[in-house]
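Engineer: the following comprises the amino acid sequence and a computationally predicted model.
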Amino acid sequence: MEQTTLIMALNVSIIYTHQMWGDALYALINAKKDLRVSKVFHHSKINTWVNSHDSIYLLEGTYPDAKTLCSVRLLKNKEGKVILLGYLIDNEFVELLLSEGLDAFVLKTCCKDSLFEAINKVNNGFKYFCGPITELLTKKLHQKNTKPLLTEREKDVLVELVCMKRSKEIAEKLNISEATVRTHRKNIMYKFGTKNYIGLIRYACREGILDSPGEKFCVGCKRMKCESALIG
């Protein structure tokens, strides 16, 4: 007698930000015989609907941001495996997402095979990052290994910046002009590879470059000081 082996479908929950993507992902996943959509809900309902240990969560968004970071943390606390679907942006949140345990990051511009490969890898206990994300992480790792040192004066200015001091206050305390403060800030941002003031503070705090001034600044700090994704 011929025996038939039943294959259990893998449960996948979809958390969408845009309805069109939610519908598209639902159709795509349900078309696979070895996959089954267990839940589909809008991101605003995440605190209500995430109440069980589903196998895999597909978290759809736009760019990595504070909201994404909080969502990944929530899902990982529920012992879920999280695959982020979004667009690429070279910001500090990519690394912070990794520190929260993100399992995979697939760009929306990738083909569907990349998504299925991510699901397969994550289900088997591996991490998965599509090509462009891998290149970004490699670039950031290289920047860390070749991180330029700050001058003593730049470090003095950075300490004051992290403590949320204005240029005028810094200039008065260090006995330099405001123009000089702005020049130092520009040079520090260039050396850290950040494009804005928030990135500057977050990078400096998280990398432990400064002696701690005893305050809390950003999520993911290696000194375990940070509590809110909105700080910094």
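Structural biologist: That came through fine.
Engineer: now the strands for the protein?
Structural biologist: 10-16, 35-42, 56-60, 81-86, 104-107, 128-129 (DSSP state E).
Engineer: ok, which of those comes nearest M164?
Structural biologist: Set against M164 and scored by Cβ to Cβ, the strands of the chain come closest in strand 81-86, at 30.0 Å. Just so you know, the C-beta spots here come from the backbone N, C-alpha and C atoms, and that holds for glycine as well.
Engineer: export the strands of the chain to a markdown table and tack on distance to K155?
Structural biologist: Formatted as a markdown table, the strands of the chain follow (distance: least, Cβ to Cβ, whole Å):
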| stretch | distance to K155 |
| --- | --- |
| strand 10-16 | 42 |
| strand 35-42 | 45 |
| strand 56-60 | 38 |
| strand 81-86 | 35 |
| strand 104-107 | 33 |
| strand 128-129 | 34 |
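Engineer: of all those, which one is nearest E178?
Structural biologist: strand 81-86 (38.7 Å).
Engineer: gap between that closest one and the chain center?
Structural biologist: On the basis of Cα atoms, centre = their mean, to the nearest Å, strand 81-86 sits 10 Å off its chain's mean C-alpha point.
Engineer: one more: stretch 25-41?
Structural biologist: Using Cα atoms, centre = their mean, the offset of stretch 25-41 from its chain centre is 25 Å.
Engineer: keeping just the C-alphas, turn it into CSV.
Structural biologist: Extracted in CSV, the C-alpha atoms of stretch 25-41 (Å, rounded to 0.1, in the frame of the first residue of the first chain):
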residue,chain,number,x,y,z
LEU,A,25,2.1,39.1,0.9
TYR,A,26,-1.1,37.2,1.9
ALA,A,27,-1.6,36.0,-1.7
LEU,A,28,2.1,35.2,-2.1
ILE,A,29,2.4,33.1,1.1
ASN,A,30,-0.8,31.2,0.6
ALA,A,31,0.2,30.2,-2.9
LYS,A,32,3.0,28.1,-1.3
LYS,A,33,1.8,24.6,-0.2
ASP,A,34,4.3,24.5,2.7
LEU,A,35,3.3,27.8,4.1
ARG,A,36,0.1,29.1,5.7
VAL,A,37,-0.9,32.6,6.8
SER,A,38,-2.1,32.4,10.3
LYS,A,39,-2.8,36.1,10.9
VAL,A,40,-2.8,39.3,8.9
PHE,A,41,-3.1,42.6,10.8
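Engineer: ok, C110 - how many residues close by?
Structural biologist: 16 (other Cβ atoms under 10 Å).
Engineer: tally of neighbours for the spatially closest residue to it that is not a sequence neighbour?
Structural biologist: Of all residues not flanking C110 in the chain, C130 sits nearest, at 5.0 Å (Cβ to Cβ, 6 or more residues apart in numbering). C130 has 19 neighbours, counted by other Cβ under 10 Å.
Engineer: what's C130 in contact with, if anything?
Structural biologist: 105-107, 110, 114, 118 (Cβ atoms under 8 Å, 6 or more residues apart in numbering).
Engineer: can you do 6 Å?
Structural biologist: Contact partners of C130, counting by Cβ atoms under 6 Å, 6 or more residues apart in numbering, are 106-107, 110, 114.
Engineer: who wins for neighbours among those residues?
Structural biologist: V106 (24 neighbours).
Engineer: what average pLDDT does stretch 8-19 get?
Structural biologist: Per-residue pLDDT values across stretch 8-19 average out to 91.
Engineer: likewise for stretch 121-134?
Structural biologist: Mean predicted lDDT for stretch 121-134 stands at 92.
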